[in-house]
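S.K.: Structure, please.
(chains A and B)
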Amino acid sequence: MKLQEIIDSLSLKVENPSADLNREVKGAYVSDMLSDVMGNAKDGFLWITIQVHINTIAVASLKNLSGIILVNSRVPAEDTLKKAIEENIPIMTTPLPAFDLVGMLYSLGLRCR
Amino acid sequence: MNSSEGVFFLTGKDFKNAGAASSNLKGILEGMGIPDATIRRVAIAAFEAEMNTIIYAVAGMMNYFITPEMIKIRIQDMGSGIPDIDQAMKEGYSTAPDYIREMGFGSGMGLPNIKRNADTLTINSIVGEGTTVEFIINLTPGD
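M.R.: Below is the predicted model of the structure:
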């Protein structure tokens, strides 16, 4: 499924629209612990989290994730957004809590394996 | 395939640049045509070791040695050291302070993630002096 389709379906706000939104999303992983994501997320996965600091971009980049969705109306820190633009990592935001958002992603067909 | 080696310097508590050494290393491996599956393993292990230095040490360095047979990474830090390495290897065990945990570190998965992704892992630590983590990921002939 293309990232842009997910953004449209769930009315996500894209914080850095210059990033490539046409990429293929192969699954999703939800966690606020960075090593958990390093160990368990896979190539092309979306990452759902409340973490907004800059180190999330390093994780997303190293893991070739397709993007980060910040839940509960969290917004990326200024330096996080700057790094996301540099590294071409899409950051999306939503007022929904993680539970609801993940339920919707699951309904769209995304899985974590 | 050519061989390559180099070093990155790491500064403790420099969270702004944390992950940069691992990202640079990943770029080097991609440029050398190392297989994606191998790069994924190196990236996980290198990031965890890099973050340990950022979180727990004053400073450190990451040396890498790439040969046709293997990728060897050595991270030496000037840090607090690990009193009990067996305990530190246990999944879920962490000594990270609260502010580090709030950033999503300190889940006690760092060293286990390195072990899981490396073919060999060696940890030497002296309390009050520092820790050296060295791991090897083998390259199969033909890669």
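
S.K.: contacting residues for B:Ala20?
M.R.: The contact partners of B:Ala20, by CB atoms under 8 Å, 6 or more residues apart in numbering or on different chains, come to A:Ala58, B:Phe8. Any C-beta I mention is one placed from the backbone N, CA and C, and that applies to glycine too.

S.K.: Look through chain A and state the residue closest to chain B.
M.R.: A:Ala58 (2.7 Å; CB to the nearest CB).

S.K.: Could you measure from that residue over to B:Ser125?
M.R.: From A:Ala58 across to B:Ser125, the span is 25 Å (CB to CB, to the nearest Å).

S.K.: Have a look at these two and say which one is more surrounded.
M.R.: Neighbour totals were compared for A:Ala58 and B:Ser125, and A:Ala58 leads with 26 against 18 (other CB atoms under 10 Å in any protein chain shown).

S.K.: Looks to me like B:Leu29 is in a helix.
M.R.: Yes. Assigned with DSSP: H, G, I helix; E, B strand; the rest coil, B:Leu29 falls within a helix.

S.K.: right, and it touches B:Val42 too?
M.R.: Yes. Under the criterion of CB atoms under 8 Å, B:Leu29 makes contact with B:Val42 at 6.2 Å.

S.K.: so where is the chain shaky, pLDDT-wise?
M.R.: Reading this off chain A. For chain A, no stretch has pLDDT under 70.

S.K.: meant chain B actually
M.R.: B:1, B:141-143.

S.K.: picking that back up, which one of B:Leu29 and B:Val42 has more residues nearby?
M.R.: Each of B:Leu29 and B:Val42 has its neighbours counted (other CB under 10 Å); B:Val42 has more, 24 against 21.

S.K.: Which strand or helix spans the residue lying closest to B:Lys13 once chain neighbours are set aside?
M.R.: With CB to CB, 6 or more residues apart in numbering or on different chains as the criterion, B:Lys13 has its nearest non-adjacent residue at 6.7 Å, and that residue is B:Ile54. Assigned by DSSP states H and E, B:Ile54 belongs to helix B:36-56.

S.K.: Check which helices and strands that helix sits against.
M.R.: Applying 3 or more CB pairs under 8 Å, 6 or more residues apart in numbering or on different chains; DSSP states H and E, one finds that helix B:36-56 contacts helix A:34-40, helix A:55-62, strand B:4-11, helix B:20-31, strand B:57-66, strand B:70-79, helix B:110-117, strand B:130-138.

S.K.: tell me the most buried of the ones you listed?
M.R.: helix A:55-62 (a mean of 24; mean count of other CB atoms under 10 Å in any protein chain shown).
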